[in-house]
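Novice: structural data only, the sequence is not supplied:
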RNA sequence: CGGGGCGUAGCGCAGUUUGGUUUAGCGCGCAGCGUUCGGGACGCUGAGGCCGGUGGUUCAAAUCCACUCGCCCCGACCA
């Protein structure tokens, strides 16, 4: 490809609207063009890279025995009503009507469609197992698109679905998929770690996410360096520091005046936060729920949602709290009636806590679980945080941020059961098909690759996913010898099957070098009068500042060697 | 949905507070000519804008007011 023919302008100035490095570089390299919030066109360079990523994904999927299909974006809303996910997806679903005023949605994912299709084509356990996948466009009306390709409303996703007669069989495929995912990230040059994850609204058992570790990631990851455990903070469990466990003392009311927050209270009473009980109020599916948790800990809403089996959960408003008869700032589970109380396990790990007195301006000292209050539910609903101990090895946990570049999980029968996708087993009994599902966002994966492979000059493409392998830079194209040699290299390398981006423009060396660095092809060949005088050209790797002078006769052999290694 | 910011030439911005001195500027990019050129060269000439939209106030609006549309960031949200 000659640069003079390449569609798309490179930008010298940094777009101010872009805050993440991958977004800035994608724009500056002329790879993407924004149409509206979270909606982008992929220009030639981007598409070349995306196709390479897709092909790696496709190869790895095919190796597991998965079969490629293509499913529609246009989906009848009834399917989503049947699975119960029309409400679960909420506003993220794009709705539309056809000319007969039939309600349709644009597919945000394909569990429903694939399950419907599987159900129509499976009768017996003898038809199982199989895995289907597609590389297809998803549409989600995200509340807030951001970061260029990192969170968008229309995107390409590889989604795979496996169908089984038994849990054991699902386990087998699940492991295969995990391995395929690891292969994919390795081949794409993206270091990604696998962590424990929450399976989200769909439910299901095992769930793992693949994360690219980067500060701009949207997720918080809890990591144990001791045993290698990693988990999304939504899911992570940990051992919290222990509060003192002295023998129980008699309960005692104490005036605390305007000291309401845990911070004010601990300063006023000169006690550590872990000696207090904090009350937090949530609004779960229309009712106010009273949460009790040790003062030094925070509520993990994902865990809480799961414990409550709530479809909708948010912090209660001041108004709702008041209506529920709670005295905010002095609220306490002690003596409370007529409201659901959920306590975190931490209320058991200590004694003689300070809690509210349900009386403005007062708190109670020496409050103890069981003796002084009980809860309707007691469970782990606390957020794990850096410094906590690992539940597996006891090591100290730390946190980092990550970008989700893949998600695998065991769906089980949550969709097939609702859609009536059944098979008959050996004993002729009908049972819902057991499913697994596995997704990778292709565009986001490319953004993650750029995010983790760049310098201040531009992108540094891993060889496997670079739009072109070689940047060919002739300097002084008014020099006939230079042009002749460059043309010959271009032809020679192209004939050998290499992808060459040929900078045939009449531009100064600085411009060409800077563009080559910005676009980030792994290998650069410079042809100039200076090196031709010595019968040689310069070959330089993008990730190595040192260029190598190579005799013309050896140039192609050298390129071969570098690209093979 | 809550909070913040922004919409002026293809891109990056100034001008808006205090309406008139602007025929709306600047830098980059773009077109033509010439000189250059091993890390984003220079000179000359030139093209390009209903100042996001609508309505109002005024003798006069990029500038003031109202409404509206869009974009970005934080949060909520997010298989």
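Specialist: Nice, I can see it. The shown structure was predicted, so the numbers you read here are calculated from the model rather than taken from an experiment.

Novice: residue A:191 versus the one residue in chain A that gets nearest to RNA strand B, what's the distance?
Specialist: Proximity of chain A to RNA strand B (Cβ to the nearest atom of the strand) peaks at residue A:109, 1.6 Å away. Where C-beta positions appear, they are placed from N, C-alpha and C, glycine not excepted. Per Cβ to Cβ, to the nearest Å, residue A:109 is found 27 Å from residue A:191.

Novice: can I assume residue A:259 is in contact with residue A:268?
Specialist: Yes. Using Cβ atoms under 8 Å, residue A:259 is in contact with residue A:268, at 4.3 Å.

Novice: the two: which is more packed in?
Specialist: Higher neighbour count among residue A:259 and residue A:268: residue A:259, with 18 against 14, using other Cβ atoms under 10 Å.

Novice: which one's more surrounded, residue A:109 and residue A:191?
Specialist: residue A:109 (19 against 13).

Novice: quick one: residues contacting that one.
Specialist: Contacts for residue A:109 (Cβ atoms under 8 Å, 6 or more residues apart in numbering) come out as A:138, A:157, A:159, A:439.

Novice: most surrounded residue in those?
Specialist: Going by other Cβ under 10 Å, residue A:159 tops the contacts of residue A:109 with 22 neighbours.

Novice: doesn't that residue lie inside a strand?
Specialist: Yes. Looking at residue A:159 with DSSP: H, G, I helix; E, B strand; the rest coil, it is inside a strand.

Novice: which residue, other than its chain neighbours, is closest to it?
Specialist: Nearest non-adjacent residue to residue A:159, counting by Cβ to Cβ, 6 or more residues apart in numbering: residue A:439, 4.8 Å away.

Novice: could you do residue A:411 as well?
Specialist: Spatially, and ignoring its direct neighbours in sequence, residue A:411 is nearest to residue A:435 (4.2 Å; Cβ to Cβ, 6+ apart).

Novice: mind checking pLDDT for residue A:141?
Specialist: You'll see residue A:141 listed with a pLDDT of 95.

Novice: what's it sitting at in phi/psi?
Specialist: Main-chain dihedrals, residue A:141, degrees, to the nearest 10: phi -80, psi 80.

Novice: OK, contacts around it?
Specialist: By Cβ under 8 Å, 6+ apart, the contact set of residue A:141 is A:91, A:92, A:93, A:94, A:153.

Novice: just the element for the residue minimising distance to the centre of chain A, please.
Specialist: Of all residues in chain A, the one closest to the mean position by Cα atoms, centre = their mean is residue A:404, 1.6 Å from it. If you go by DSSP states H and E, residue A:404 is part of strand A:397-412.

Novice: immediately after that strand, which helix or strand?
Specialist: Counting by DSSP H and E, what follows strand A:397-412 is helix A:416-419.

Novice: what average pLDDT does that next one get?
Specialist: For helix A:416-419, mean pLDDT is 96.

Novice: now swap in stretch A:5-19 and tell me
Specialist: On average, stretch A:5-19 scores 91.

Novice: end to end on it, go ahead and measure it.
Specialist: With Cα to Cα, to the nearest Å as the measure, stretch A:5-19 spans 30 Å from end to end.

Novice: how about the helices of the stretch 1-150 of chain A, start to end?
Specialist: Secondary structure of the stretch 1-150 of chain A (DSSP state H, counting those that start in this stretch): helices at A:21-28, A:44-63, A:77-83, A:85-89, A:111-121.

Novice: now do the last one: which elements does it pack against?
Specialist: The contact analysis (3 or more Cβ pairs under 8 Å, 6 or more residues apart in numbering; DSSP states H and E) places helix A:111-121 against helix A:77-83, strand A:130-139, strand A:154-164, helix A:416-419, strand A:434-441.

Novice: let's see that with 6 Å instead.
Specialist: When contacts are defined as 3 or more Cβ pairs under 6 Å, 6 or more residues apart in numbering; DSSP states H and E, helix A:111-121 packs onto helix A:416-419.

Novice: what comes up buried for the helix it packs on?
Specialist: For helix A:416-419, burial by neighbour count (16 or more other Cβ atoms under 10 Å) applies to A:416, A:417, A:418, A:419.
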